[in-house]
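**Q** Got a sequence here, can you build the structure:
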Amino acid sequence: MLGLLVGNTRPVLSGAQIFDNTLIIDTVAAFDREAEAFLGLIRDGRLQSRVVSTSDLESNISRPVVLLDGFTEALKRPNFVFSAWPELEQPGVRQAVLSLLVGNADPARELDDTQLAQRVTAIRELSGSFEAGAGNDGLRTARRPIFSDRLVRLLESLRMSPDAQEAAEWLLQAATKQTGSLEYRSTWYRLIDAIPSSVLGGLTRPTLLDGVNGIYNEAISRTLNCDPDISFSDGRIVKAATEAGLEGQWGNRAVELGQSQAMQDVMSWNMVRDTLPRLEAFRTPQARLTYLINEFSDSIGREKLERRTGTWLRVKAPHQILGKLAAIGTAEAALSVSTALGGSHLAQAIGGLVGVVTVFGGAPGIKEIVTAHERRTTRREILRVRRTLTRNSSAWVQQIDEG
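**A** Numbering: from 1, shown residues only. As a prediction, this is how the structure comes out:
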């Protein structure tokens, strides 16, 4: 949201990041103002997607590929793991959804599960909106990323750690026997799920999945020609990822959530779409940011915001706005919120953002800063503290810094 508003960016997501994303699907499946605004941003070309092409997709479709094609192709692959659709692990449900999509049938008539029917309808709406926005480069195809080589190097590095050695060895051996393509992330999901608990040692399945996701997302970012932040929750994975070739500037990031209804009401896709035309008068990120701070402060109240929130910024924003930046999180929030926050509703997840602390490794007093922040923040819930790799995705943040 902040990237759109402050940086005037056009976020690019892979097809799977759209059709297998709980936050996005549930936002659209609500069929309310938020859904209309989100789909409107897609039709306006403000949100873009790239469908990763496969040989089956290219050989079976002569017309331009749409988002729905990527979804149905994933449904046809039994080994594709849908993280946002647990019901699709049931072969019967999977086949029913595939059949109705191929036959262009009505989900409400064909499916007994009302919620599932609404979500399938949401996928159709998303696909149609990207197709409508194609004139604005809303949807293109992209080649499948190659990431297994780096993931193998990560595992080879990880097995140098005594408490991770056995699990890494098991995964590497299982990979050599794998008949399916190691360039599919779902193949690695299945392998990790099959690891005997007795060989996990000091690792956990979520930690290993974190490594797979980070390496895959980095490869996807290169394929899509974009540059998001890549983050990990375990220091051993960070070290192994660095040795596997991930380059950039590593820093610690703590994300905390609050339950301020006022902030949830303000930070919404409806607000984003409504506000963007008013920001066209401002050319620089600094001017757009100042405008937004004034708007948010008037809506929520400066006193309340300054009392509830503390934020340290990597950027050197003008002193007079530092205390009010909490109203819209920070510039860093926009770059990582989709991977750092959980929840079933996109507006609530981002709207509930109270503070993001980013202090880069090597900065003096990092522990003292984070400790002081936690001590002063009441009723907080620290969801994750992650090591985050940042490269060039903060170009508009750097402009604020230079200002």
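**Q** Show me the strands in this structure, by range?
**A** 12-14, 48-52, 139-142, 230-232, 249-257, 353-360, 382-390 (DSSP state E).
**Q** My guess is Asn249 contacts Thr242. True?
**A** One thing to correct before we go on: residue 249 is Gln, not Asn. No: using C-beta atoms under 8 Å, Gln249 makes no contact with Thr242, being 11.4 Å away. Yep, even glycine has a C-beta here, placed from its N, CA and C like the rest.
**Q** Might you list the low-confidence residue ranges for this structure?
**A** 53-62, 134-141, 227-229, 252-266, 293, 296-385, 392-403 (pLDDT under 70).
**Q** now with 50?
**A** By pLDDT under 50, the low-scoring segments of the chain are 255-259, 302-367, 369-371, 373-383, 403.
**Q** Show me how it divides into domains.
**A** Residue ranges for the domains of the chain, per automatic domain parsing: 2-142, 148-227, 252-402.
**Q** quick one on the thing from earlier: which one of Gln249 and Thr242 has more residues nearby?
**A** For the pair Gln249 and Thr242, the greater number of neighbours falls to Thr242 (16 against 13), based on other C-beta atoms under 10 Å.
**Q** which residues does the nearest residue to that one once chain neighbours are set aside form a beta bridge with?
**A** Among residues not flanking Thr242 along the chain, Trp250 sits closest, at 7.6 Å (C-beta to C-beta, 6 or more residues apart in numbering). Beta-bridge pairing for Trp250 (DSSP bridges): Leu389.
**Q** Start at 23, not 1
**A** Right, with 23 as the first residue, what we last looked at is Trp272.
**Q** Quick check: Trp272 touching Ala263?
**A** No: at 9.4 Å, Trp272 does not count as touching Ala263 under the criterion of C-beta under 8 Å.
**Q** How many neighbouring residues does the residue nearest to Thr264 have?
**A** Neighbourhood size, Trp272 [other C-beta under 10 Å]: 19.
**Q** what about Thr62, neighbour count?
**A** Just to correct that, residue 62 is Gly rather than Thr. By other C-beta under 10 Å, 18 other residues sit near Gly62.
**Q** residues contacting it?
**A** By C-beta atoms under 8 Å, 6 or more residues apart in numbering, the contact list for Gly62 reads Ser151, Arg295.
**Q** separation between it and Ala51?
**A** According to C-beta to C-beta, to the nearest Å, Gly62 stands 16 Å off from Ala51.
**Q** Next, the contact list for the closest residue to Arg295 other than its chain neighbours, please.
**A** Excluding the flanking residues, the one nearest Arg295 by C-beta to C-beta, 6+ apart is Ala59, at 4.3 Å. Ala59 is in contact with Ser290, Trp291, Asn292, Val294, Arg295, Asp296, counting by C-beta under 8 Å, 6+ apart.
**Q** cool, and Ala216?
**A** Residues in contact with Ala216 (C-beta under 8 Å, 6+ apart) are Ala196.
**Q** same thing with the one 5 residues further on?
**A** Contact partners of Val221, counting by C-beta under 8 Å, 6+ apart, are Glu188, Ala189, Trp192.
**Q** Out of these, which end up buried?
**A** Among those, the ones that count as buried by 16 or more other C-beta atoms under 10 Å are Glu188, Ala189, Trp192.
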